[in-house]
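Asker: pasted the sequence and its predicted model underneath.
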Amino acid sequence: MRAGRAVRLAALLVVASAQAQPPGRSDPSFSQPSLAPGVDYVVPAEADIKATLDRIRDYFVRSTQYRIVDTRTGQPITDFSRPIQTAALDSRGGQFNDWDYPMGVVLAGMLLATEVTGDTRYQDYTLKNFDFVFDHVDYFRKQVTEFGQPSHGFSRLLNMRELDDCGAIGAALIKAYAKKQDPRYRATIDAIADHMAHKQMRMPDGTLARPRPLPVSLWIDDAYMSIPFLAQMGRLTGDRTWFDDAARQAIQMSQRLQDPSTGLYRHSWYEGAEHPAFYWGRGAGWGLMAAAELLSVLPQDHPSRPRVLAIFQRGARGAAAVQSGVGMWRQLLDKNDSYLETSASAMFTFAIARGVNRGWLSPAYGPVAQTGWQAVSKRVLPDGRIEGICVSTTAAYDSVYYYNRPTDLGAMQGYGPVLMAGAEVIAMLRSFDISRTLNTFHYRSRKP
């Protein structure tokens with residue numbers, strides 16, 4: 001008797017407990033099934049995207065100091081007839097007006113934002129920055145000549161040694177040259193082209209390489225530090241050999257760095273050395289963005305276009321497969337316990353949105369870019385700074401290094417990709433009719 005009452009009581013407790021639980025994720029009354037907390041699973045409004053981009057632009061505008069200062073006194077230099085040893089860029093707050101690859105991506109992102117939105121204030125910032133460089137680079141060149149020391153201004157421009165010094169910002173300079181035919185721009189474009197064609201380290205098959213950390217090393221970062229510039233040179237000059245080289249880099253780097261089954265890019269490869277593979281988020285983002293930049297200008301009849309397209313599509317498929325449940329991508333793409341990282345997320349969002357816009361990817365990828373943007377935009381603070389960007393990262397031999405790279409509001413590597421992602425998502429939203437069925441999204445092209 002007591003046993004029967006105990007069983008009945010236990011059964012009643014189970015029922016009561018079940019009734020007290022919140023609706024399950026398969027329950028029709030649950031309004032957002034399968035969504036992690038904080039996910040904004042809606043179609044973004046163009047005005048909201050533009051407002052986010054404006055905040056980033058305004059942050060750069062108010063932060064950039066267009067001054068040369070005497071580092072002994074902190075006072076601005078106004079006499080540029082003779083250099084002094086202690087002259088330097090006024091870099092308070094960051095590298096906003098220096099010649100460096102992260103700023104190159106920012107300046108390209110500003111140009112794209114103007115192209116998409118029609119707001120010329122983005123382009124104005126890019127041209128003002130380049131004009132500041134070329135108004136003052138000769139002063140720093142004289143400083144180096146006279147004092148025999150590393151320059152305190154535009155050192156990567158004055159002493160080009162690796163792709164980081166010239167490729168990404170060189171591609172932005174070519175895009176700026178299309179807006180303003182300044183002969184100083186063109187002279188520097190030609191100098192970069194000469195460096196990349198004749199001075200930069202290459203493997204016997206022509207693949208661009210680095211001498212570190214091992215004597216012959218490939219970093220997927222260098223896909224973006226070279227391929228967009230080579231592709232833009234082809235567009236600028238009409239000389240197809242530049243397109244040939246750009247396609248060769250995309251193909252040969254991918255042969256060594258892209259996993260053929262997952263489509264993800266490993267961060268590094270070393271000739272003659274067995275080593276573990278690490279699928280670092282931003283590195284893979286550089287690779288996919290580089291392929292997107294190349295496809296954007298590579299002639300339709302170029303014999304390598306089908307291979308480059310297949311590389312891009314494989315990479316996009318791999319990226320979509322490892323997108324997290326909140327729309328971001330991770331620091332190590334295949335490690336779910338690594339942190340959600342902003343620059344990689346913006347890069348994948350841009351590249352996939354462009355693939356959808358240009359017809360390289362099915363419209364089924366539209367929601368991947370849409371949700372990517374929604375997640376990335378939450379990392380943009382009210383003052384235009386961006387959270388969650390991994391700091392500079394070298395090629396490493398262990399996962400602990402990648403897991404523990406910090407993020408920093410001053411890490412410039414993510415700002416340009418966020419600008420590019422927002423602009424490209426605006427273009428995507430304009431190109432498709434988007435319907436929502438059973439809490440998912442369907443993109444249908446407006447083009448005939």
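Answerer: Received the coordinates, thanks.
Asker: neighbours of Ser304, just the number please.
Answerer: 17 (other C-beta atoms under 10 Å). For the C-beta atoms, the positions are set from N, CA and C on the backbone; glycine is no exception.
Asker: distance of it from Val425?
Answerer: Per C-beta to C-beta, to the nearest Å, Ser304 is found 29 Å from Val425.
Asker: who does the helix or strand harbouring Phe60 touch, helix- and strand-wise?
Answerer: Taking DSSP states H and E as the definition, one finds Phe60 inside helix 46-63. Other helices and strands packing on helix 46-63, by 3 or more C-beta pairs under 8 Å, 6 or more residues apart in numbering; DSSP states H and E, are helix 101-117, helix 120-147, helix 366-377, helix 415-431.
Asker: buried ones in that helix?
Answerer: Glu46, Ile49, Lys50, Thr52, Leu53, Asp54, Arg55, Ile56, Arg57, Tyr59, Phe60 (16 or more other C-beta atoms under 10 Å).
Asker: so who does the residue nearest to the first one when sequence neighbours are not counted touch?
Answerer: This means Glu46. On the basis of C-beta to C-beta, 6 or more residues apart in numbering, the spatially nearest residue to Glu46 that is not a chain neighbour turns out to be Ile426, at 5.4 Å. With contact taken as C-beta atoms under 8 Å, 6 or more residues apart in numbering, Ile426 is in contact with Glu46, Ile49, Lys50, Val116, Thr117.
Asker: before we move on, what about Pro215?
Answerer: Contacts of Pro215 were listed using C-beta under 8 Å, 6+ apart, and they are Glu271.
Asker: surely it is in a strand?
Answerer: No - assessed with DSSP: H, G, I helix; E, B strand; the rest coil, Pro215 is coil; it does not lie in a strand.
Asker: three-state assignment of Phe441?
Answerer: Phe441 - assigned by three-state DSSP - is strand.
Asker: state the pLDDT value of it.
Answerer: Here the pLDDT value assigned to Phe441 is 94.
Asker: what's the neighbour count on the closest residue to it other than its chain neighbours?
Answerer: On the basis of C-beta to C-beta, 6+ apart, the spatially nearest residue to Phe441 that is not a chain neighbour turns out to be Pro367, at 4.5 Å. Pro367 sits with 22 neighbouring residues when counted by other C-beta under 10 Å.
Asker: what of Arg92?
Answerer: When neighbours are counted by other C-beta under 10 Å, Arg92 comes out with 12.
Asker: and it, that's in a helix?
Answerer: No - following the definition three-state DSSP, Arg92 is coil and is not counted among the residues of a helix.
Asker: list the contacts for it?
Answerer: Arg92 neighbours (C-beta under 8 Å, 6+ apart): Gln65.
Asker: and Gly318, what element?
Answerer: Per DSSP H and E, the secondary structure element for Gly318 is helix 305-321.
Asker: show me where pLDDT drops low in the stretch 51-200 of the chain?
Answerer: Within the stretch 51-200 of the chain, not a single segment meets pLDDT under 70.
Asker: I figured Val391 hits Arg405, correct?
Answerer: Yes - contact between Val391 and Arg405 holds when scored by C-beta atoms under 8 Å: they sit 6.1 Å apart.
Asker: ok, which of the helices and strands packed on helix 46-63 comes nearest Ala284?
Answerer: Shortest distance between Ala284 and the helices and strands packed on helix 46-63, using C-beta to C-beta, is found for helix 415-431: 12.4 Å.
Asker: may I see the buried residues of the closest one?
Answerer: Taking 16+ other C-beta under 10 Å as the neighbour-count basis, helix 415-431 is seen to contain the buried residues 415-429, 431.
Asker: related to what we said a few turns ago, so Val391 and Arg405 - more neighbours on which side?
Answerer: Relative neighbour count places Arg405 above the other of Val391 and Arg405, with 20 against 12, counting by other C-beta under 10 Å.
Asker: what sits against that one?
Answerer: For Arg405, the contacting residues are Gln331, Cys390, Val391, Thr393, by C-beta under 8 Å, 6+ apart.
Asker: swap in 7 Å and give it another go.
Answerer: Arg405 sits next to Cys390, Val391, Thr393 when contact means C-beta atoms under 7 Å, 6 or more residues apart in numbering.
Asker: what about it, which SS state?
Answerer: Following three-state DSSP, the label given to Arg405 is coil.
Asker: could you say which helix or strand holds the nearest residue to Thr188 once chain neighbours are set aside?
Answerer: Nearest non-adjacent residue to Thr188, counting by C-beta to C-beta, 6+ apart: Leu173, 6.4 Å away. With elements taken from DSSP H and E, the one containing Leu173 is helix 167-177.
Asker: quick check: angle from that helix to helix 415-431?
Answerer: Between the axes of helix 167-177 and helix 415-431, defined by axes from the mean of the first three to the mean of the last three C-alpha atoms, to 10 degrees, the angle is 50 degrees.
Asker: export the contacts of Arg405 to CSV and tack on secondary structure, distance to Thr207 and pLDDT?
Answerer: Output for the contacts of Arg405, formatted as CSV (DSSP: H, G, I helix; E, B strand; the rest coil; distance: C-beta to C-beta, whole Å; pLDDT from 0 to 100):
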residue, secondary structure, distance to Thr207, pLDDT
Cys390, strand, 26, 97
Val391, coil, 27, 97
Thr393, coil, 22, 97
